[in-house]
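>>> With the sequence up front, the predicted model follows.
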Amino acid sequence: MWIPIVVIGGLVLVYIGTYYLNKKTPIPDECKDVVDEATCTACHNFTCSYKK
Amino acid sequence: MSFTLFATAIISAMLINNVILMQFLGICPFLGVSKKSSAAIGMSAAVLFVMIISSAITYTLYDLVLYKYGIPYISTIAFILVIASLVQFVEMFIKKTSKSLYKSLGIYLPLITTNCAILGVSEGNITNIWVNHIGDYWGGLLIALSTAVGTGLGFGLIIFAFSSIREKLEASDVPAAWKGVPISLVVAGIMSLAFLGLAGII
């Protein structure tokens, strides 16, 4: 009964940890423009107000 | 385990059971990130990279933990968490170690978290254990990795071919009603029919 809870709980904790570490890691300066452009290209939200 | 078995796994996953055209997985990046060939190549490389690592980890998790402790029913949710964590970790690792690699691959990594092709391959690998009666861990792992490589290459092949056709279509005189998504879907359908011709070669 407790094994699946431990496994899922452990994986959730791993995800939270990696997410936090990834968010804390800054994007390299020379990549910021590319990231913005790619985000806009990949997202097809027609109501988006974030347009350059 | 013979070389033929691995070669068969790669060719089968790449051409015959193509993840996009035959299994209809990964359709979102197939349609969304195929406007430019450069973006398609970046996405394919990122998918191949994550697919190989996630296949190794999910297969190991299933074989050594989930199956061993009699909890294979949580495999789907466990695999989703593994893939999501892996994508975060890989993105962070690339950010820190290689700026050039991040510039070409990193921007596509968050999109891979929701790419069902990765989850489909992981689930397919554990089904293989039962279908092909693979007994030992290492044999199963090698088959899983071969399938991941084949599927990733197949994904790359199709998305690159599709993006090249879409680039040509941009400059073509397409009737107004067919411009954009409609003609792209027609092209995808024709490509799928063409790949049906490869069914049965193995």
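Noted; the coordinates are in hand.
>>> the helices in chain B, which residues?
B:3-11, B:27-32, B:37-61, B:75-97, B:99-104, B:109-112, B:116-131, B:137-170, B:181-196 (DSSP state H).
>>> any idea how far residue B:95 is from residue B:189?
39 Å (Cβ to Cβ, to the nearest Å). All C-beta atoms are positioned from the backbone trio N, CA, C, and that covers glycine.
>>> These two: which has the busier surroundings?
Using other Cβ atoms under 10 Å in any protein chain shown as the criterion, residue B:189 and residue B:95 rank with residue B:95 on top: 19 against 11.
>>> The spatially closest residue to that one that is not a sequence neighbour: what's it in contact with?
Once flanking residues are discounted, residue B:95 sits nearest to residue A:25: 4.9 Å by Cβ to Cβ, 6 or more residues apart in numbering or on different chains. By Cβ atoms under 8 Å, 6 or more residues apart in numbering or on different chains, the contact list for residue A:25 reads B:92, B:95, B:96.
>>> Got the phi and psi for residue A:25?
Dihedral pair for residue A:25: phi -80, psi 120, per degrees, to the nearest 10.
>>> Give me the angle between the helix ranked longest in chain A and helix B:37-61.
Longest helix in chain A, counting residues (DSSP H): helix A:2-24. Angle of helix A:2-24 versus helix B:37-61, following axes from the mean of the first three to the mean of the last three Cα atoms, to 10 degrees, is 150 degrees.
>>> Now do helix A:2-24 against helix B:75-97: the angle between them, please.
Using the same axes, to 10 degrees: helix A:2-24 against helix B:75-97 is 30 degrees.
>>> Ramachandran angles for residue B:17?
phi -100, psi 50.
>>> I'd guessed residue A:27 sits against residue B:96; true?
No. In this structure residue A:27 lies outside contact range of residue B:96 using Cβ atoms under 8 Å: 10.9 Å.
>>> can you list the residues of chain B near chain A?
B:32-33, B:35, B:39, B:65-66, B:69, B:71, B:74, B:77-78, B:81-82, B:84-86, B:88-89, B:91-92, B:95-96, B:99, B:102-103, B:106-108, B:111 (Cβ under 8 Å from any Cβ of the partner chain).
>>> show me what contacts residue B:71?
Contacts of residue B:71 by Cβ under 8 Å, 6+ apart are A:3, A:4, A:7, B:65.
>>> just the buried members of these?
A:4, A:7, B:65 (16 or more other Cβ atoms under 10 Å in any protein chain shown).
>>> Might one say that residue B:60 is in contact with residue B:140?
No. Residue B:60 sits out of contact with residue B:140 when judged by Cβ under 8 Å, with a separation of 9.6 Å.
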